[in-house]
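[1] how would this look folded up:
(4 chains)
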2 protein chains.
Amino acid sequence: MFSKTCEYAIKAVLYIATAPEENNLFSLNAIAKAIDSPNAYTSKILQQLAKTNIIQSVKGHAGGYFIAKNNLSTLFLSDIVDAIDGDGICTSCGLGLKQCSAKNPCPLHDQFMQIRTDIKLMLKKTSIKQMADGISEKDFSLKR
Amino acid sequence: MFSKTCEYAIKAVLYIATAPEENNLFSLNAIAKAIDSPNAYTSKILQQLAKTNIIQSVKGHAGGYFIAKNNLSTLFLSDIVDAIDGDGICTSCGLGLKQCSAKNPCPLHDQFMQIRTDIKLMLKKTSIKQMADGISEKDFSLKR
DNA sequence: TTCAATTCGGACAGACGCATCCGATATGAT
DNA sequence: ATCATATCGGATGCGTCTGTCCGAATTGAA
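    Numbering: from 1, shown residues only, chains lettered A, B, ... in the order given. Here you go, the predicted structure:
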């Protein structure tokens, strides 16, 4: 469904979003450990998320990553997926045809239309904050 | 959604399934041309489909590939996807967690459950024969 | 029998996603 | 100032999926 990079990104954002207080910082090491991801690779992903303003970074001594509180309330799963994998999962043809459309449909077009619509809707309405709150409540796992 | 290999496989099977008469043979070259796929690579995929009995092959001069008529009526999209990509698309966790389940769910588990169920159902009930019939009628494209 | 057409099967090449390494840069503490 | 602790950014390596090459095997036709 998602690329491995995107899976790491989602887990990282969810973990950062569990911060109980505003502007609570998490270091790269803490994040990578919490989501059981390779340290160096996770660094790249966090940089990418910072560049697209999904998370914020603080450089230097005692630095780390956090999510601005005003961002958190408007942050959805779709934002992360778009930033990392793009929106191909919701738009591209099931057979990989570039000219596939409602007017010029591939044989699978109708079958996939509904699925893609459902995925798009799910990503759009799944709030990061809501999921992060669920983690602290129910001890959801971000590892294994 | 699917691997490129799987996309080629689906297109190839759909093309072969458009045969108007029983046991109508298509050569590798004809298939690759019809679905706009690399010749040599398509060969590998057709071998794989033949090994899993989704299609049948005839070796030697004037050989080629065909689908046994009694197979065609019971052949569904899920058969091809299972043979090439496996059933991970319908079963594996959205975050790539191996121990994710209803008892021990990841934060995305509930959201993905419905999507995966829908995909599985769609693949299971989408008949190759039915789609192939649609191709001859409406001039669906298997290229571009 | 010989030849041409075709699938089969193994080895190899290329591209891209995944992952690592290391120096540069930034920042707070001593 | 100097140092320790972080993130940043470029270069590089690895593995898998995608794709190619070529000879072997099979079959029908001349």
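[2] which SSE is whichever residue of chain A sits closest to DNA strand C in?
    At 1.9 Å from DNA strand C, A:Gly60 is the closest residue in chain A, using Cβ to the nearest atom of the strand. Yep, even glycine has a C-beta here, placed from its N, CA and C like the rest. For A:Gly60, there is no enclosing helix or strand under DSSP states H and E.
[3] Enumerate the residues of chain A near chain B.
    A:1-2, A:4, A:7, A:10-11, A:14, A:77, A:89, A:92, A:94-100, A:104-108, A:111-112, A:114-115, A:118-119, A:122, A:126, A:131-132, A:134-135, A:140-144 (Cβ under 8 Å from any Cβ of the partner chain).
[4] Now which of those would you call buried?
    Neighbour counting by 16 or more other Cβ atoms under 10 Å in any protein chain shown classes A:1-2, A:7, A:10-11, A:14, A:77, A:89, A:92, A:94-97, A:100, A:105-108, A:111-112, A:115, A:119, A:122, A:126, A:131-132, A:134-135, A:140-142 among the residues of chain A next to chain B as buried.
[5] among those residues, which are in reach of DNA strand C?
    By Cβ under 7 Å from any atom of the strand, no member of those lies near DNA strand C.
[6] So which of those are in helices?
    Secondary structure defined by DSSP state H assigns A:7, A:10-11, A:14, A:77, A:89, A:111-112, A:115, A:119, A:122, A:131-132, A:134-135 of these to helices.
[7] closest to A:Leu49 among these?
    A:Ile10 (10.2 Å; Cβ to Cβ).
[8] What is the neighbour count of the residue nearest to the closest one when sequence neighbours are not counted?
    Leaving out its chain neighbours, the residue that sits closest to A:Ile10 by Cβ to Cβ, 6 or more residues apart in numbering or on different chains is A:Ile80, at 5.5 Å. Residues near A:Ile80, counting by other Cβ atoms under 10 Å in any protein chain shown, number 23.
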